[in-house]
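Participant: After the sequence you'll find the predicted model.
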Amino acid sequence: MYQFFVDPSQIRGNEVIIEGADYNHIKNVLRMKAGECVNISDGVSGKEMRCHIESFSDDRVNLKLDFIKEADVELPVHVTLFQGLPKSGKMDFIIEKCVELGVSEIVPMMTERSVVKLDAKKAESKVSHWQGKAEAAAKQSKRALIPEVKMAVSFKEALELCKDHEHKIIPYELSRGFAETRDRFQSFEKGSRIAVFIGPEGGFSEEEIALAEEKGVIPLTLGKRILRTETAGMVVLSWLIYLYEDEN
């Protein structure tokens with residue numbers, strides 16, 4: 001069943017309105033008809049609304065709400081990914097896959113070894129593009145929430161932004177002791193906020209790691225192999241799915 005996200009203002013009692021690009025997609029691409037069902041989410045509440053198409057107007061699809069249920073598709077931990085800006089189009093891939101795996105929000109981060117530098121004008125355009133990627137991935141994976149892609153920040157700013165997170169980790173290739181990594185991951189509580197720092201292609205500098213440790217961020221190994229920047233975040237999220245995803 002197809003899933004679409006709407007703004008809360010488009011939900012009016014037991015009626016839901018779809019406009020814009022999704023209207024065109026439903027009518028002209030999917031060629032759906034009155035009576036067919038879709039899943040609707042407001043991208044905020046985490047609830048799934050089962051609706052059927054009642055009619056088409058010139059610029060909108062009119063839906064009737066059948067029932068609401070808790071979607072229960074989100075990870076039981078809140079994960080903020082602080083992602084060092086990578087080269088080329090890798091950020092699109094990172095956002096797409098991490099949204100599929102359950103990330104809660106993504107904060108692009110400029111670090112000492114980041115090749116990509118964003119000025120204010122370019123950053124605004126990029127974030128708008130990345131948010132579109134996040135929404136598309138949330139639709140495809142039938143997420144109940146649309147993860148937000150924040151404006152890019154510096155490494156020092158990122159360390160300040162994660163102050164309210166109960167757990168803060170930074171995968172680092174020079175860390176030793178996989179047992180510590182395992183124990184740390186198993187100590188997270190359901191419902192807690194976890195900040196995950198991933199470096200760009202060149203990784204983090206020793207100075208950045210030292211600064212992170214001063215701020216309470218724990219360096220951990222992800223194994224004996226060196227992972228690409230676009231792989232590391234997915235590994236962390238995959239472990240969290242294994243450890244905390246409910247069976248039902």
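Facilitator: It's in.

Participant: Show me how the chain divides into domains.
Facilitator: 3-70, 78-244 (automatic domain parsing).

Participant: Off-centre distance for the shortest one?
Facilitator: Yep, that's domain 3-70 we're talking about. Mean-position distance between domain 3-70 and its chain equals 23 Å (C-alpha atoms, centre = their mean, to the nearest Å).

Participant: end to end, how far does that domain reach?
Facilitator: End-to-end distance for domain 3-70, by C-alpha to C-alpha, to the nearest Å: 15 Å.

Participant: same thing with the longest one?
Facilitator: One end of domain 78-244 to the other measures 11 Å (C-alpha to C-alpha).

Participant: rewinding a little: could you identify which of the domains of the chain is most buried?
Facilitator: domain 78-244 (a mean of 17; mean count of other C-beta atoms under 10 Å). Where you see a C-beta, it was placed from the backbone N, CA and C, and this is true even at glycine.

Participant: mean confidence score for that one?
Facilitator: In this model, domain 78-244 carries a mean pLDDT of 93.

Participant: other SSEs contacting the longest helix that the chain contains?
Facilitator: The longest helix of the chain (DSSP state H) is helix 120-140. Packing partners of helix 120-140 (3 or more C-beta pairs under 8 Å, 6 or more residues apart in numbering; DSSP states H and E): strand 3-5, helix 90-101, strand 105-110, strand 148-149.

Participant: Can you name the residues that contact the residue nearest to Ala136 when sequence neighbours are not counted?
Facilitator: In space, and not counting its chain neighbours, Ala136 is closest to Glu96: 7.6 Å by C-beta to C-beta, 6 or more residues apart in numbering. Going by C-beta atoms under 8 Å, 6 or more residues apart in numbering, Glu96 touches Lys133, Ala134, Ala136, Ala137.

Participant: Show me which pair in those is furthest apart.
Facilitator: Within these, two members stand farthest from each other by C-beta to C-beta: Ala134 and Ala136, at 7.4 Å.

Participant: show me where this protein has helices.
Facilitator: In the chain, the helices defined using DSSP H lie at 20-24, 90-101, 120-140, 155-161, 178-186, 206-214, 229-244.

Participant: Using a markdown table, lay out those helices together with distance to Gln83.
Facilitator: Output for those, formatted as a markdown table (distance: least, C-beta to C-beta, whole Å):
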| stretch | distance to Gln83 |
| --- | --- |
| helix 20-24 | 27 |
| helix 90-101 | 6 |
| helix 120-140 | 10 |
| helix 155-161 | 10 |
| helix 178-186 | 19 |
| helix 206-214 | 14 |
| helix 229-244 | 6 |
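
Participant: Relative to Val38, which of the ones you listed is closest?
Facilitator: Of the helices of the chain, nearest to Val38 by C-beta to C-beta is helix 20-24, at 9.7 Å.

Participant: any residues touching that closest one, and which ones?
Facilitator: With C-beta under 8 Å, 6+ apart as the criterion, helix 20-24 contacts Phe4, Val6, Asp59, Arg60, Val61.

Participant: Quick check: pLDDT value at the last one.
Facilitator: At Val61 the predicted local confidence, pLDDT, stands at 94.

Participant: now the closest residue to Glu135 other than its chain neighbours: how far from Val79?
Facilitator: For Glu135, ignoring the flanking residues on the chain, the nearest one in space by C-beta to C-beta, 6+ apart is Ile146 at 5.2 Å. According to C-beta to C-beta, to the nearest Å, Ile146 stands 15 Å off from Val79.

Participant: now swap in Ile169 and tell me
Facilitator: Distance of Ile169 to Val79, computed by C-beta to C-beta: 10 Å.

Participant: got any residues that touch both of those two?
Facilitator: What both Ile169 and Val79 touch, as defined by C-beta under 8 Å, 6+ apart, is the set Ile194, Val196, Val236.
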